[in-house]
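**Student:** below are the sequence and a predicted model for it; my questions follow.
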Amino acid sequence: MACLQSLLLRSLIFSKWTSDVRLDGKTAIVTGANTGIGKETAKDLASRGARVILACRDMAKGEQAARDIMKEVKGAKVVARQLDLADTKSICQFAENIYNTEKALHYLINNAGVAMCPYAKTVDGYEMQFGVNHLGHFFLTYLLLDLLKHSAPSRVINVSSSAHAMGKIQFDDLSGEKNYHPVRAYAQSKLANNLFTREMAKRMEVLGVMVYAVDPGVVNTEITRHISWPIVGLVKTFSFLLKTSAEGAHTIIYCTVTPENQLLTGGYYKDCAIANSARAAQDDGTALKLWAVSCHLLGIRWR
């Protein structure tokens, strides 16, 4: 009886959006596609006929994910490529490989991320969560922009989180060296995802590149591995309220396949619908400043 009640509650909470849109002839990159919502997104896009590149830090896991998808999806066109978002050299090598092997890129899904981890730095010296979740994807998008413009209409989808509402961009301590807290750092990185989406949308719409931020919801994935025990215990108690990876991927897929005239570039989407982001995520001044600071840190010029 309790199990039935849980299933009924889940059906009321989680959307049952579906679409039969085909993506034959389209190419997509999904970062962090070896597990969780990234893998489920890649599998769905492959089932629609898209060529999908699984951008993964761990190549063994990436290649296994590719085999899994090809086993589950008849005729799937998937390939794994090495990408470490904590290393700008790896990002450059990945982008070079894409330009050497791909003629088009219609969808860039910036999904990979780390959450609430102990203090650490990327290879280039950035605080890990800000460095991977924001700067890594910012740099990757910059490097692949020519291919996205060439393939227009194209889309960039940045996977954010409702945690962005707790975030504040600490411009005087982006490295987290003065006062690091794993939850605050995660919230800052997710707010950065939304601000990046907002500013990029203004700059790229005229070029045919649409940009969306997505909140997948609270999903039962490996990203929670650094969460402390009391919270983990609470999560397990109410695990039936967590989304599965497939459910968490729904809004990403929604923003990938829904006709452009039904979406708002620069928008924040949750449960397969436009949603209200936090006031801090709508601050154009902060978005512009973050854009400029990100370019400075990465040593790039992106007008």
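**Tutor:** Great, that's in hand.
**Student:** every contact and neighbour count from this point should use C-alpha atoms.
**Tutor:** Will do.
**Student:** and the helices in the protein?
**Tutor:** Secondary structure of the chain (DSSP state H): helices located at 2-13, 36-47, 59-72, 88-101, 128-129, 137-150, 182-204, 229-237, 245-248, 250-257, 284-298.
**Student:** any chance of those in JSON lines, plus mean pLDDT, mean neighbour count and distance to residue 109?
**Tutor:** Shown next, in JSON lines, are those (pLDDT from 0 to 100; neighbours: other CA atoms under 10 Å; distance: least, CA to CA, whole Å):
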{"stretch": "helix 2-13", "mean pLDDT": "47", "mean neighbour count": "11", "distance to residue 109": "25"}
{"stretch": "helix 36-47", "mean pLDDT": "97", "mean neighbour count": "25", "distance to residue 109": "9"}
{"stretch": "helix 59-72", "mean pLDDT": "98", "mean neighbour count": "17", "distance to residue 109": "16"}
{"stretch": "helix 88-101", "mean pLDDT": "98", "mean neighbour count": "16", "distance to residue 109": "14"}
{"stretch": "helix 128-129", "mean pLDDT": "98", "mean neighbour count": "30", "distance to residue 109": "18"}
{"stretch": "helix 137-150", "mean pLDDT": "98", "mean neighbour count": "19", "distance to residue 109": "9"}
{"stretch": "helix 182-204", "mean pLDDT": "97", "mean neighbour count": "24", "distance to residue 109": "12"}
{"stretch": "helix 229-237", "mean pLDDT": "49", "mean neighbour count": "11", "distance to residue 109": "27"}
{"stretch": "helix 245-248", "mean pLDDT": "90", "mean neighbour count": "21", "distance to residue 109": "14"}
{"stretch": "helix 250-257", "mean pLDDT": "97", "mean neighbour count": "23", "distance to residue 109": "8"}
{"stretch": "helix 284-298", "mean pLDDT": "98", "mean neighbour count": "16", "distance to residue 109": "19"}
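**Student:** out of these, nearest to residue 218?
**Tutor:** When these are compared by CA to CA, helix 245-248 sits nearest residue 218, at 7.6 Å.
**Student:** which strands and helices lie in contact with that closest one?
**Tutor:** helix 36-47 (3 or more CA pairs under 8 Å, 6 or more residues apart in numbering; DSSP states H and E).
**Student:** how near is residue 83 to residue 137?
**Tutor:** 11 Å (CA to CA, to the nearest Å).
**Student:** how about residue 266?
**Tutor:** From residue 266 to residue 137 the distance is 16 Å (CA to CA).
**Student:** the helices of the chain: which one's closest to residue 121?
**Tutor:** Taking the helices of the chain one by one with CA to CA, helix 128-129 is closest: 4.7 Å.
**Student:** contacts for the closest one, please.
**Tutor:** 86, 113-117, 119-122, 185-186, 189 (CA atoms under 8 Å, 6 or more residues apart in numbering).
**Student:** starting at the chain centroid, how far to stretch 82-93?
**Tutor:** A distance of 16 Å separates the centroid of the chain from that of stretch 82-93, by CA atoms, centre = their mean, to the nearest Å.
**Student:** my error: substitute stretch 182-196 in the last question.
**Tutor:** 12 Å.
**Student:** go on, stretch 145-155?
**Tutor:** For stretch 145-155, the distance to the chain centre is 18 Å (CA atoms, centre = their mean).
**Student:** then that stretch to PDB, C-alphas only?
**Tutor:** Provided in PDB are the C-alpha atoms of stretch 145-155 (Å, rounded to 0.1, in the frame of the first residue of the first chain):
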ATOM      1  CA  LEU A 145      31.400  28.700 -30.900                       C
ATOM      2  CA  ASP A 146      32.500  28.800 -34.500                       C
ATOM      3  CA  LEU A 147      31.100  25.300 -35.100                       C
ATOM      4  CA  LEU A 148      27.900  26.300 -33.300                       C
ATOM      5  CA  LYS A 149      27.500  29.400 -35.400                       C
ATOM      6  CA  HIS A 150      28.300  27.400 -38.600                       C
ATOM      7  CA  SER A 151      25.600  24.900 -37.600                       C
ATOM      8  CA  ALA A 152      22.900  27.500 -36.700                       C
ATOM      9  CA  PRO A 153      20.200  27.300 -35.600                       C
ATOM     10  CA  SER A 154      22.000  25.600 -32.700                       C
ATOM     11  CA  ARG A 155      21.600  25.400 -29.000                       C
END
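**Student:** count of neighbours near the closest residue in space to residue 26 that isn't next to it in sequence?
**Tutor:** Closest residue to residue 26 apart from its sequence neighbours, by CA to CA, 6 or more residues apart in numbering: residue 50 at 5.0 Å. By other CA atoms under 10 Å, the residues close to residue 50 number 23.
**Student:** would you quantify the distance from the spatially most central residue of the chain to residue 73?
**Tutor:** The residue lying closest to the centre of the chain (CA atoms, centre = their mean) is residue 111, at 2.3 Å. From residue 111 over to residue 73 the distance is 21 Å, taken as CA to CA.
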